[in-house]
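Trainee: sequence and predicted structure are below.
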Amino acid sequence: MAWNRTLFLIALAAIAAAIVGCKSPGPNAAGAGNGGSGKIIIGHYASMSGDDAVFGTTTDHGAKLAVEEINAAGGVLGRQIELITLDTRSTDVGVPPIIDRFYQEGATAIVGEVASGRTLAAAPKVEAYGIPMVSPSSTNVRVTVDPDRGVRKWVFRTCFIDPFQGEVIARFAHGKLGKRRAAILFDRAQPYSVGLAESFKQNFIRLGGQVVAEEGYTKDDQEFGSQLTRIKGLDPDVLIVPGYYSQVKLIVTQARGRGLDVPIVGGDGWDDPQGLTRGAEQAFKDTYFVNHFSPLEEREGVRQFVEAYRQRWQEDPNALAALGYDAVQLVADAIKRAGSTDRTAVRDALEKTQNYAGVTGTISVDAQHNPRKTAVVVKAEGSPFPLVDVYPPQ
Ligand code: PHE
């Protein structure tokens, strides 16, 4: 395992060196975006394989659908869009060489990543190169705001942020479920999980609840027995798991196996509609998570998107697919408003985005480069996951 990973890293470094070495940055790469009359390149970096493969593949389906629709309608500024998707393999180290490659290719803009940690791995590079980047779904605060340097000039996103998501989990657990003694089990290695756990905690305490346990795990853990045993001993009435879907599945199953029968609540990282509960239906009874979108929402534009997506991919879109679609459409809209593929002009247009009607809601970019959007809470049971609650931004 460790050896495989080392080999993979060496191979990745070699590929990156080869790409950077054999292609000097041409006129396309010199900050202008790919000007001229050829295709407009949008780079998409995503976890197409590895632990979080569902994140990358579903986002890519949404992104591809957007590109196909735009191109079928004549493209942008009379030019076709070409989406170049590269695989991060669900690793942070996979990210920087990909951003180098997009720069070399003359990408006008970049879409990605899903996991906040990997978007954070890309941020310094896109800032240095001056390429506009839109994360479809990374919710950690630091994605758009560097704690030391302030707002990142070139980074945007199409989703709400974790201070809001954590508040929604807290309001749901406290208000809707009526719980008062929460235990948290979070991934210490993911900025997403750390930030969301913290935001939940602050809000739950503010509402009058108590956090009776905070336990951690890290990325490759498969056994959560000792943490769950300690948690059970403290007699919580709700368990909060702000993790990513593959480990969430293990945690929920092992919690039930240890007789921890309280409701379990999580965040958007649970969003694997096909696989999350499969073979673990009993364990997932009484579990819920916050998300950005549900195919069951009645909002305008949702039904049309869901139908187009089903036709193209023979499955229901998850939130990631919808956000991937919105991210590409927003970039195309910004290029159109800029009237050019000049990267600075596209960045400026992204920053000026107001009331953009996305499938996942209305997007207005604020001073921190974040939109304020509605969250949904779904029950992790059946397909599609039933909609339980809706939380507009406050
Ligand atoms: N918000 C998560 C993160 O920032 C990623 C995610 C978004 C996962 C939406 C699933 C659905 O890491």
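Mentor: That came through, no problem.

Trainee: please make it C-alpha for all contacts and neighbour counts, starting now.
Mentor: Noted.

Trainee: near the ligand, which residues of this structure? Just list them.
Mentor: With Cα under 6 Å from any ligand atom as the criterion, the chain meets the ligand at residues 114-116, 137-140, 192, 268-269, 271, 319-320.

Trainee: repeat that for 8 Å
Mentor: 55, 114-117, 136-140, 161-162, 190-193, 244, 267-272, 291-292, 319-320, 323 (Cα under 8 Å from any ligand atom).

Trainee: give the contact list for residue 285.
Mentor: Counting by Cα atoms under 8 Å, 6 or more residues apart in numbering, residue 285 touches 380-381.

Trainee: sorry, that was for residue 332
Mentor: residue 76.

Trainee: name the element it belongs to?
Mentor: When elements are assigned from DSSP states H and E, residue 332 belongs to helix 319-338.

Trainee: likewise residue 239?
Mentor: strand 238-241.

Trainee: quick one: strands adjacent to that strand?
Mentor: strand 181-187 (parallel), strand 264-266 (parallel) (DSSP bridges).

Trainee: tell me the secondary structure at residue 299.
Mentor: Secondary structure state of residue 299, per DSSP: H, G, I helix; E, B strand; the rest coil, is coil.

Trainee: tell me the spacing between it and the ligand.
Mentor: 19 Å (Cα to the nearest ligand atom, to the nearest Å).

Trainee: likewise for residue 246?
Mentor: Applying Cα to the nearest ligand atom to residue 246 and the ligand gives a distance of 11 Å.

Trainee: okay, now that residue: neighbour count?
Mentor: Other residues within reach of residue 246, judged by other Cα atoms under 10 Å, total 18.

Trainee: sorry, back to before: what does the strand holding residue 239 contact?
Mentor: Outside strand 238-241, the residues that touch it by Cα under 8 Å, 6+ apart are 173, 179-186, 248, 262-267.

Trainee: for it, which positions count as buried?
Mentor: 238-241 (16 or more other Cα atoms under 10 Å).

Trainee: counting by contacts, list what the helix or strand that comes right after it packs against.
Mentor: Per DSSP H and E, the first helix or strand lying C-terminal to strand 238-241 is helix 245-257. In terms of contacts (3 or more Cα pairs under 8 Å, 6 or more residues apart in numbering; DSSP states H and E), helix 245-257 is packed against helix 225-233.

Trainee: okay, the buried residues of strand 238-241 in JSON lines with pLDDT next?
Mentor: Listed next are these as JSON lines, based on pLDDT from 0 to 100:
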{"residue": "238", "pLDDT": "99"}
{"residue": "239", "pLDDT": "99"}
{"residue": "240", "pLDDT": "99"}
{"residue": "241", "pLDDT": "99"}
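
Trainee: what residue of the chain is the furthest out?
Mentor: For the chain, the residue at maximal distance from the C-alpha centroid (Cα atoms, centre = their mean) is residue 233, at 33.7 Å.

Trainee: would you check how far apart that one and residue 375 are?
Mentor: The gap separating residue 233 from residue 375 is 33 Å, by Cα to Cα, to the nearest Å.

Trainee: do the same with residue 332
Mentor: On the measure of Cα to Cα, residue 332 and residue 375 end up 25 Å apart.

Trainee: likewise for residue 292?
Mentor: Residue 292 is 5 Å from residue 375, by Cα to Cα.

Trainee: quick one on the thing from earlier: among the strands paired with strand 238-241, which is nearest residue 315?
Mentor: Comparison of those against residue 315 by Cα to Cα identifies strand 264-266 as nearest, at 23.5 Å.

Trainee: circling back: can you give the distance from the strand holding residue 239 to the centre of its chain?
Mentor: With Cα atoms, centre = their mean, to the nearest Å as the basis, strand 238-241 stands 21 Å off its chain's centre.

Trainee: which parts of the stretch 251-394 of the chain are strands?
Mentor: With DSSP state E, counting those that start in this stretch as the criterion, the stretch 251-394 of the chain has strands at 264-266, 287-291, 356-358, 361-363, 375-379, 387-391.

Trainee: okay, these in CSV with distance to residue 229 and mean neighbour count next?
Mentor: Compiled in CSV, the strands of the stretch 251-394 of the chain are given as follows (distance: least, Cα to Cα, whole Å; neighbours: other Cα atoms under 10 Å):
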stretch, distance to residue 229, mean neighbour count
strand 264-266, 15, 27
strand 287-291, 19, 24
strand 356-358, 44, 16
strand 361-363, 41, 21
strand 375-379, 25, 22
strand 387-391, 30, 16
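
Trainee: as a markdown table, those strands with mean pLDDT would be great.
Mentor: Shown next, in a markdown table, are the strands of the stretch 251-394 of the chain (pLDDT from 0 to 100):
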| stretch | mean pLDDT |
| --- | --- |
| strand 264-266 | 99 |
| strand 287-291 | 98 |
| strand 356-358 | 98 |
| strand 361-363 | 97 |
| strand 375-379 | 98 |
| strand 387-391 | 97 |
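
Trainee: for residue 201, which non-adjacent residue is closest in space?
Mentor: residue 211 (6.8 Å; Cα to Cα, 6 or more residues apart in numbering).

Trainee: what segments of the stretch 1-150 of the chain are helices?
Mentor: Applying DSSP state H, counting those that start in this stretch to the stretch 1-150 of the chain gives helices spanning 2-22, 53-72, 95-105, 116-129.

Trainee: neighbours around residue 259, how many?
Mentor: Residues near residue 259, counting by other Cα under 10 Å: 11.

Trainee: for it, give its distance to residue 270.
Mentor: Residue 259 is 22 Å from residue 270, by Cα to Cα.

Trainee: now swap in residue 106 and tell me
Mentor: Residue 106 is 34 Å from residue 270, by Cα to Cα.
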